[in-house]
Each structure stands twice: as C-alpha cells, then as structure tokens.
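Trainee: my questions are about this predicted structure, shown below with the sequence.
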Amino acid sequence: MKLELRKVTKRFGDFTANDSIDLTVTPGSVHCLLGENGAGKSTLMNVIFGLYRPTEGQIYIDDQPVNFKGPEDAMAAGIGMVHQHFMLVPVFTVAENVALGSESVKGLTLDLETTRQKIREISDRYGFEVDPDALVEDLPVGVQQRVEIIKALVREAQVLILDEPTAVLTPAETDQLLGIMDQLRKDGKSLLFISHKLREVREISDDITVIRRGKVVGQADPSMSSSELASLMVGKEVQLTVDKEEPTYTDKLFEVENLTLIGDNGVPLLKEVSFQVRGGEILAVAGVQGNGQTELAETIIGLHPKATGSMKLGGKELLGLKTKQVLAAGVGFVPEDRNKDGLVGDFSIAENLILDLYDRPQFSAAGSLKKAAIAENARQAGDLFDIRMGSIEHHASTLSGGNQQKIVVARELSRDLELFVASQPTRGVDVGSIEFIHKRIVQERDKGLPVIIVSTELDEVYGLADRIAVFFHGELMWVVPADTPRSVLGQMMAGASYSEALEAENQDQARPTTPWSEGE
Amino acid sequence: MTLTAESSSSAPAQAKNWKNPVIYTVLALLSTFLIGLRAPATTISLGVADQVSWLDLDPLQISPVAYGWTASLIMLALAGYALYATQTGRPIGRWLAPTFWFFFATGLLTWALGSTSNPSLSLVSLLNGAVLLSIPMIFGSMGGLLCERSGIVNIAIEGQLLLGAFSAALVGSMTKNPWLGLLAAMAGGLLVSALLALFSIKYLVDQVIVGVVVNVLVSGLTGFLFARVLEPNASVLNSAPRLPAFEIPVLSQIPVLGPVLFNQNVLVYLMYLVVGLIWFALNKTRWGLRTRAVGEHPKAADTLGVKVNRLRAGNVLLAGAVAGMGGAFFTLVSVSSFNSDMTAGQGYIALAALIFGRWTPIGALSAALLFGFSLNLQYVLSILGTSVPTELLAMMPYLVTIFAVAGLVGRSRGPAAVGTAYVKE
C-alpha cells in the first residue's frame, strides 16, 4: 500500500506545525522522517493517523484521497501506529490490550481466545516471543513495544508509523527492533520511521526526508555521513563532539562509598555503589533509563534520606544532610525533568533564577524580596547564558525547552560550587542550546570542579565524559575509559560485566559482521 | 574481582515490614484488656434456626467471658507469630489476616452484646436487617463503580440517593404504584448524573467539586420542595405504597442464610441482579473492557477508536439510574414518606465501600454489607439496652475506610485515570 501526502499543512492558531509537507512511502521500504525535537514530526504523524485533521492538503492511499475523522478510520484504511509513549493499559494483559477497540465477541461475551490465537500467529511469524496472557506492566520496554507492533499487525496494517521507537530502548533492543523492521519491509509493508538518531536512520532507511521547523528541507540518501545528515537537520554545521582539553586534576574530590538505597517496596534501587570523581574531570553516568541513575542523582542532593553508605565532598559527609544543607555545601544540581523539579512554570523567569537563592542577603532582607536585585540578576543571567526571552517577567513556561534548561543551568552555576551534578542536561533541548550547555559544563570542569553527568544519550556521554560509569539494575557495573567502544558499553548497559562485554566484543570482531550489529 | 561480584555477594538487607505485626499486637493487647478482662458475666442467647420450619434448634448459649478469653488468646498467639515471622524474615501466610480480624470482630461483638441489659437475640434477624440496611449503600457503591471505573469521580452518590428517594416518594404517592416510584427514583438519580456528566465531561470542571456542589444543590432543592409542597399535602404527595417483600420457596429454608438472603424485599432481589449484571458486564463483555481501559488510560483507548467521553457520559448516566434505585429504599422500603436529608450521608459511606472494596463489584458489595451490618448492630444494641455509646459504632465504617485507603489493611489502588477529564490535544 502506498501512502502519499500532498501539501499537508497543520496549524494551531498562529503556529504552523507542518507547512505544506510532501511525502511518499512506497510498499516494501522504510521511509525515514528525520528532524529535531520540535520540528513537527509527531504532529505530522498524528495527522496521518487521524488524531489531527490537516488544515490544508490531502492524504492519498494508493492514489485515492482519504479523509480520516479519527484513528479508527486510519486503522480501517490500513495504517498502524507505534506511539512514542506506548498506548498500552498497564494493568491489562497483552491480549486485552490487543483486543481493545476491535474486540471479537461471542454473543455478549468477549472472545479473547481469538485474539490470543492471532497474537501467537504473529509472534511466531516474526519471532516476537510475546505471551498473550502476560500483564503489560510486568513486561520489559522492548517487549511492550512489540505488543504495540502486534496491535497494528492484528488490525492488518499495511503502513506502519513508528514514532521515535528507539528512544526508550537499550542498544541491543534497538538492534532487535531494526531487525523486526527489516522483516516487515521484506513482507511488503510500508514503514514510516521517525527519528533524530542518525546511526539508526542511516542503517535502516531506504529514503530519508528531512524536516526542519515544520517544513521539508530536502531528501537525503542513507549513504550520507552523520554530520552531513545532522547539518541538514539543524540547518547549520554542528559539532557533534565537544571541544575539550585533557583533564587537569585538582584536589577537590567527591567520594561515594557503598551507597545503597532500598525502595518502598523493598526493591533495591542502588546497590553498594562506590566511585570517586576527581576535581577537573567529568564522570558520565550511562545506562538505560530506570537503572538507578535518577536515584543516584537524587540521593546526592539529599532527596533520599533513607540511603545508607557514605558520600564525601572534600572530606565532608553529605549523606544525612538536608537538601538545603547539601546545596549550601556547594552542590549544583540540574534535575532530569526541568518541568517537574527544575522550574516553576507559572513563575517569572526572574523568580525561577533565584528559586534556591531567594534567602541570600543579596536577594532578600527582613523577610521581603529585593525586586531590583532579582531583576538585575535575571538580566545578567540572560546575557551570560544567552537565554532568548521577551522579558524577565514572562512565565518560564512560555520559553522553549532549550531556554528553560538554560535558566536551570544558569541558576545552579550562579552559586559557588564544589560539585556539579546534571541529570539529562540536554533532554528536549535544541541543538544550538545543547552546544551551549555542553560548553558550560566543560567550563565548570576546567575550573577544577568534579562534575557528574547522568545521561541516557550515548552521544552526550561520549561527547562529555572523561570516564564513564555504567549502571544496570541499581548496580555500578564498572567505570570505563571514555574511549570504550559503543558495543561494549551497550552490553554493559544490558547487564554484562566489563570483562564479559570485552570478550563478546572480541568474538564479534572475529566473526563477519551481521547487518544489525552495533557500530558504524 | 569485579565490582559486580562484590556487590552481589552481599545481598542488600530487605527492609522488614513491621506495620502489620505491630498493629496486630496492639489490637490483641487492647482486646485482651477489654473483651477478656472486662468481659460481662452473663450468657448470650443467640437464635440460629428462626424462620426455618423444618429445623428445630435451641438458641446457642454463649458466655462472653469464655469466648472473650478464647478470642483474646488466639489473637495474642497470632500477633506473636506475626512478630516472630517478621523478625526471622519468614513470609506470613495469607490466612493470618482474615483469621485475626474474624476473632477481633466476633470477640468485640460478643463483648458488646454481653454488656446489654437483655442479651438475647436472633442471628437471622440481625443479619437479615443488615442486608436490608445495606441496600442503598450497595446500589450507591455500584453507581460509584460504574462512574469511577470509567474515570469519573462520583461524589454525587449522596445526591443521587436523595433525589431518587424524593422522586420515588412523590411519584409513588401520586400514582399509588411503587413500581412507577422505583422508575422515578432511577430517573431522579439519572438527572443528578446528567449534571455531573455535563459539568465534568463537557465543561471540564473538577469532578470532586461538581459532585459536592450537586449534593448541596439536591439537598437544598429537595428540602425546599419537601417543606413547601410535600409536607402540606402529605396524604396525596408523600405517602407512597411500599415495594413488596416475599419469600423465595425452597431457598429460604436453608438454615440461617435462607431467611437472611431469600426472605427479603423485592429491592434486595433486584440488588442481586444488578450486582451480578455489573460484575459480568465489567469483566466479560466488550463494554467492560472499554470501560476499564477508559478509566486506566483513556488516550490508549482513544487511539484505538474508543469514544472516551461518550462512553464516560453513558456510564455516568447509568450510574445515576443505579444509585437512584438505592434511593428508592428510603421511601418505598424503609418508610413510606420522604423527609429532608433522609439519606444521612449514606452516599458517602457507599463511596467508602467502593474504595474499601477496591473498586470491584464483589469487593464493594462485601464492604457495603459490612457497613450495613455495623449500622444494624447500632440499632439492635440500642434496642437491647447497651452501655456502649452507639455513636462510636457509627464511626466504624469511616474509620475502616481511612485505614483501608491509608494502606493499613492491604493496598487500595483505584483506576489510574480517575478524576482527570480527557481532552484531545
């Protein structure tokens, strides 16, 4: 089945999310839609899937114009979608999730057996290994994603839209997914693959359409290099690596010993984690989301009073201190979710810049705030950190992700620091801001601070790290050098020890490489 | 040696959960003091074979002292075992909690009955009355369930019961037909639901706030109409005929349970039907799957073509009709005339029963029956002349619910999307 978009435009009020997009997906091929976060990819997908109606333009299936009133029309026409945030009911079984919306019934009662049968057929055919009676919330992320694919296939989708499918996967799971996509392509399905991860895009795509700020900026060839693709995507030459010198160590030291944290349900979140960060180096913490990195960062800042072990900053014990005392000890902290923990969206930019400084004599006296000093601080920070804003009185929520993140970073770096911890410092941030924030992080390191970066983006880890700490299931697997190959790191992120991962890597190199193995 | 080997060799200590053992110990000690040491030295006479014609049994004679000590010692033993098991890290069997609570409840009951001036009663009539008094709470909690499983908080059960009771009295009196009264009760509940659905689904007002406001509105409106219209013309407008009660042959002759369950008002039989239907529909039908999906993850349901808000609205309306049937209890079964605010907070207890019953039909039914029992016990005890203040007993359902919601008696997890309006982006 051929899917074609002609001059599709979607506007929300004054904002044009998609501007006159042309796109054709042919059967038996993978068409990649490449673009940055916020370029309008997800909006376009929702238009194709019938969740939004196009403002102008027309969608064609096999050269016939179609108009979808809702997702059910799109599904009926043979379009299936794997959403970035899985559309699965966690407390339902796989079969219930697959059946929902197109249930088979026997008289009045649900006929889940038919659904189970279909799941088993598809699962066998593509080697999915999905148990129809498993509870979705108990399944690993990679398997949940396969359930999403099954949902589309059960509805006999011929066009499959995959919206940022690899964002939540381990490198190994990503390779499995690419393998599955290849099988589907060979089966004659049309795949529309949305991503901003260049390696995957180059590996799997037959055609690439690049969009920027809602517009198609060109077609690209999968044989183009990563940096060529990246510059198409962002519109200017970008540095994928961060410029930095060899580290110059100082005697500021952050030592963590036997740090253990047990969750409310008795599950250990951190298991006897021990490491050291020297002044002047960046330790990047790598791992798939949810393996204890978040808890590590939160424990350092004092959000988990039940943690045991020891964390010493320059010989001073931080564990057991309240968050405010930890901040006072000179720890700068960028939380992973700025909208939840980093900013108050309905506060002004100026107020957000003093959220943890408001009680300094500089900004308040006798219980009232010094408005002029706060405004001056905001203007300075705005200049220094290149925060693009209309006025310092605007709400923080009106800014783009990149500028919001700059507020958080600016606030944290405006104190005298002894240690800088940043969790996902560039998540949902545009490329320009990423560059800027990375530079600032390297500056802090060059000032001689110990710096800890938690990131699930391997590009960021490699760009910043002097050493890499790999986490899996709350355990620190090992601290490895920054030049460790991606494949070794990937294995460790999936639970292998350093020696196992190295061994597997050596064996792999001895064998002829398979199409979906790691590396470029 | 690698770091991995190091940390896996010494497994991190599992946090021991002392909460339940400590609660058991405290309650067991309190019970020993109350129902053991301070047991009244009388004999309780408990009839068990009433209304069953083929069986002739003398009433059971129970000594509160003997039973009190037995129950106390068993509870102390269970608490001791729970402490020991927790200390040594053994799993506590699932049998322990129900056994403990059984002896706690029966012990307390024996003590309370023993402390009355004339401790003689029939088990059948105690339970029969409990089932009857549970009716509005059961219908109410079913109404709550239909709403909440599809993601809408139903605080308005109280209003649905009250307008149901009012409509039943008015229409029943005017037509002299209790069945039309029952239909009117359903329509009354539905009307309240229509307000709830309109404001919470269409206009996205906070569901709890709408519910509370609706309750106040219904209370004021029915109170006004009662004082100005019903009361001055009580003989024409406020004297409804009652729904009939009848015995189901054979089944009603099962000892104890027969007369309790099958010699009842017709509204009780309707209740069995409604609970059974809701259980079946929720768990076994397409509608049930969609309802549960919409209550847990409306967006997922939407992307599969389920009309979230239409389904929710339908469920809310249905919920009103079901809760309205419960309202008919007050004016077509219990007494035959309406009085202002006569539901007396039972809609809130119904909501508590729903939460305590973990949002399942059977759970909510059981919880409502338990609350009905404690309500009936108050009446029975005061008739028997008790020295325990019945107000204390009246607090029990609320206390039990607070404990349940706080997670002290098992965790109570509601539908994930309850309370949030669904708006397409």
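Mentor: Alright, I've got the coordinates.
Trainee: pull the residues that contact stretch A:329-344.
Mentor: A:294, A:297, A:300-301, A:313, A:316, A:318, A:321, A:327, A:345, A:351-352, A:355, A:396-397, A:401, A:404-405, A:407-409, A:412-413, A:415-425, A:427, A:444, A:454 (CB atoms under 8 Å, 6 or more residues apart in numbering or on different chains). Using the backbone N, CA and C atoms, a C-beta is placed for each residue, glycine as well.
Trainee: over to stretch A:173-185?
Mentor: For stretch A:173-185, the surrounding residues in contact (CB under 8 Å, 6+ apart) are A:28-30, A:126, A:128, A:140-142, A:145-146, A:149, A:160, A:162, A:165-166, A:169, A:191, A:193, A:200, A:203-204, A:206, A:515-518.
Trainee: so which of the residues you listed sit within helices?
Mentor: Residues of these located in helices (DSSP state H): A:126, A:141, A:142, A:145, A:146, A:149, A:200, A:203, A:204.
Trainee: residue nearest the centroid of the chain?
Mentor: In the absence of a named chain, this looks at chain A. By CA atoms, centre = their mean, chain A has its centre lying nearest to residue A:167, at 5.2 Å.
Trainee: the chain in question should be chain B.
Mentor: The centre of chain B sits closest to residue B:368, judged by CA atoms, centre = their mean, with a distance of 1.7 Å.
Trainee: quick check, residue B:86 in a helix?
Mentor: Yes: according to DSSP: H, G, I helix; E, B strand; the rest coil, residue B:86 belongs to a helix.
Trainee: residues contacting it?
Mentor: Applying CB under 8 Å, 6+ apart to residue B:86 gives the contacts B:16, B:17, B:18, B:21, B:92.
Trainee: can you flag the buried ones in the ones in helices among the contacts of stretch A:173-185?
Mentor: A:126, A:142, A:145, A:146, A:149, A:200, A:203, A:204 (16 or more other CB atoms under 10 Å in any protein chain shown).
Trainee: can you give me the buried ones in the host helix or strand of residue B:106?
Mentor: Take DSSP states H and E as the rule and residue B:106 turns out to sit in helix B:96-114. If you call a residue buried by 16+ other CB under 10 Å, then helix B:96-114 has these buried ones: B:96-97, B:100, B:103-104, B:106-114.
Trainee: can you pull the contacts of the nearest residue to residue A:168 once chain neighbours are set aside?
Mentor: Nearest residue to residue A:168 in three dimensions, chain neighbours excluded: residue A:141, at 5.1 Å (CB to CB, 6 or more residues apart in numbering or on different chains). Going by CB under 8 Å, 6+ apart, residue A:141 touches A:168, A:169, A:173.
Trainee: how about residue A:301?
Mentor: A:323, A:326, A:327, A:331, A:333, A:421.
Trainee: can you pull the pLDDT of it?
Mentor: Looking at residue A:301, its pLDDT stands at 93.
Trainee: at the contact with chain A, which residues of the stretch 301-425 of chain B appear?
Mentor: B:301, B:302, B:303, B:304, B:305, B:306, B:416, B:424, B:425 (CB under 8 Å from any CB of the partner chain).
Trainee: would you list those residues in TSV and tack on neighbour count, pLDDT and secondary structure?
Mentor: Below are these laid out as TSV (neighbours: other CB atoms under 10 Å in any protein chain shown; pLDDT from 0 to 100; DSSP: H, G, I helix; E, B strand; the rest coil):
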residue	neighbour count	pLDDT	secondary structure
B:301	28	94	helix
B:302	22	90	helix
B:303	24	88	helix
B:304	22	90	coil
B:305	18	87	coil
B:306	20	91	coil
B:416	15	89	coil
B:424	11	74	coil
B:425	8	61	coil
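Trainee: between the longest helix that chain B contains and helix B:96-114, how big is the angle?
Mentor: The residue-count maximum for a helix in chain B (DSSP H) belongs to helix B:123-149. Here the directions of helix B:123-149 and helix B:96-114 differ by 130 degrees (axes from the mean of the first three to the mean of the last three CA atoms, to 10 degrees).
Trainee: any idea how many residues pack against residue B:94?
Mentor: 7 (other CB atoms under 10 Å in any protein chain shown).
Trainee: and what of residue B:385?
Mentor: If we define neighbours as other CB under 10 Å, then residue B:385 has 11 of them.
Trainee: again, but for residue B:118
Mentor: Neighbourhood size, residue B:118 [other CB under 10 Å]: 10.
Trainee: what's the answer for the one 10 residues further on, then?
Mentor: Around residue B:128 sit 21 other residues, with neighbours defined as other CB under 10 Å.
Trainee: surely it and residue B:257 touch.
Mentor: No: with contact defined as CB atoms under 8 Å, residue B:128 does not reach residue B:257; the gap is 10.3 Å.
Trainee: which one is residue B:340 nearest to, not counting chain neighbours?
Mentor: Residue B:340 sits nearest to residue B:223 (CB to CB, 6+ apart), 4.0 Å away.
Trainee: let me redo that: residue A:398
Mentor: residue A:390 is the one closest to residue A:398 (CB to CB, 6+ apart), at 7.7 Å.
Trainee: count of neighbours near residue 389?
Mentor: Answering for chain A, as no chain was given. 19.
Trainee: looking at chain B here, not the other one
Mentor: When neighbours are defined as other CB under 10 Å, residue B:389 has 12 of them.
Trainee: from residue B:121, how far out is it?
Mentor: In this view, residue B:389 and residue B:121 are 19 Å apart by CB to CB, to the nearest Å.
Trainee: now the residue in the stretch 151-300 of chain B that chain A sits nearest to: phi and psi?
Mentor: Closest residue of the stretch 151-300 of chain B to chain A, CB to the nearest CB: residue B:300 (3.8 Å). Dihedral pair for residue B:300: phi -60, psi -40, per degrees, to the nearest 10.
Trainee: could you export the strand or helix carrying residue A:502 as PDB, CA atoms only?
Mentor: In the assignment (DSSP H and E), residue A:502 maps to helix A:498-510. C-alpha atoms of helix A:498-510 as PDB (Å, rounded to 0.1, in the frame of the first residue of the first chain):
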ATOM      1  CA  TYR A 498      33.200  -5.200  31.700                       C
ATOM      2  CA  SER A 499      35.200  -8.400  31.100                       C
ATOM      3  CA  GLU A 500      32.200 -10.200  29.600                       C
ATOM      4  CA  ALA A 501      31.500  -7.300  27.300                       C
ATOM      5  CA  LEU A 502      35.100  -7.000  26.200                       C
ATOM      6  CA  GLU A 503      35.200 -10.700  25.500                       C
ATOM      7  CA  ALA A 504      32.000 -10.600  23.500                       C
ATOM      8  CA  GLU A 505      33.300  -7.700  21.500                       C
ATOM      9  CA  ASN A 506      36.500  -9.500  20.600                       C
ATOM     10  CA  GLN A 507      34.500 -12.500  19.400                       C
ATOM     11  CA  ASP A 508      32.200 -10.300  17.300                       C
ATOM     12  CA  GLN A 509      35.200  -8.800  15.600                       C
ATOM     13  CA  ALA A 510      36.400 -12.300  14.700                       C
END
